[in-house]
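give the three-dimensional model of this entry:
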Amino acid sequence: MKRYQDMTSHLRQILENDYFNWESQLSKAKSDELSAFEIARVIKSFEFLRMELGENFPQECLKNDNAINDYFLNRAPWTRMWFTWLADAILGLRSAVNIENLMKKLRSHNQADFFEVRSIFEVGLKLVKAGFNIEIENEVINDKGLRKKPDLTIVNPETEECGLVEITRLTKNPSSIKYESIMQRVFFGGLERNINLEFAGGLLKDLSDEYLQEILKEIDAKLKKML
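Residues are numbered from 1 along each chain as shown. All right, here's what the predicted structure looks like:
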């Protein structure tokens, strides 16, 4: 089930206007927790991503419930710097064989594709900076004569020696996915009523599904009183 499929048209409009467009992201690029140099990098990165991914990319992500949506919604300083990393990764791997495969998956409605892309970008960018050429999911024949499509093929440009790399996909901790519903209760509940609720909290131990449901009911009750 999509996280946003049941949202009202009012909430969708707020998200599109205030979060899922490049102008709103650029307007929130400045932060007291970022240096002037970092802010300049963030702005330059958003401008690059806007040109590279297209004007409607944020709205497409919202519609497809892309896992990248968490970065659009969370405007904490570290997420701003994450977008600079994404811009660097796309630029750094632009000449890689089959880079178009990753760019297609970056837009996918399948959330698992985003985590795959992120993992390959992380490793691939490090290899490129180390001086290797890389090929993405390019079919090769291994030492046993079998055809294979590794995540990455790394090539030493001086010796033309090759190596095959399989990458473990780093996904969200299952517990963190459950706890996101708590944040969404407060965040979206406020947005529905044009109220920006500031909140903070922490969970010091894992919770059972039953106890988590009790907490969610309590939050719903408190939101009704507040809003």
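
which one is residue 71 nearest to, not counting chain neighbours?
Of all residues not flanking residue 71 in the chain, residue 79 sits nearest, at 5.0 Å (Cβ to Cβ, 6 or more residues apart in numbering). Every residue, glycine included, has its C-beta placed from N, CA and C.

I misspoke; the intended subject was residue 41.
Leaving aside its chain neighbours, residue 41 sits nearest to residue 84 (4.9 Å; criterion: Cβ to Cβ, 6+ apart).

same thing with residue 150?
Per Cβ to Cβ, 6+ apart, closest to residue 150 is residue 164, 4.1 Å.

tell me which residues touch the residue nearest to residue 41, please.
For residue 84, the contact set (Cβ atoms under 8 Å, 6 or more residues apart in numbering) comprises 38, 41-42, 44-45.

repeat the analysis, applying 10 Å as the threshold.
38, 41-46, 48-49 (Cβ atoms under 10 Å, 6 or more residues apart in numbering).

for the residue nearest to residue 71, what is the enclosing helix or strand?
Using DSSP states H and E, residue 79 maps to helix 77-92.

how far away is the spatially most central residue of the chain from residue 106?
Central residue of the chain (Cα atoms, centre = their mean): residue 68, 2.8 Å from the mean position. Look at residue 68 and residue 106: by Cβ to Cβ, to the nearest Å, they are 7 Å apart.

quick one on the thing from earlier: so the residue nearest to residue 71 sits against residue 72, correct?
Yes: at 8.4 Å, residue 79 counts as touching residue 72 under the criterion of Cβ atoms under 10 Å.

the more surrounded of those two?
Neighbour comparison, residue 79 and residue 72: the larger count goes to residue 72, with 20 against 15 (by other Cβ atoms under 10 Å).

didn't the more buried one look like it was pressed against residue 65?
No: counting by Cβ under 10 Å, residue 72 does not reach residue 65; the two are 11.9 Å apart.

hmm, back to that, need the overlap of contacts for residue 68 and residue 106.
Joint contacts of residue 68 and residue 106 (Cβ under 10 Å, 6+ apart) are 57, 61, 86, 114, 117-118.

which ones among those residues are found in strands?
In strands, judged by DSSP state E, none of these are found.

just the strands in the chain please.
Counting by DSSP E, residue ranges of the strands within the chain are 133-136, 140-141, 147-148, 152-155, 162-165.

tell me the mean pLDDT for the third one?
Translated: strand 147-148. On average, the pLDDT along strand 147-148 is 85.

all good on my end, thank you.
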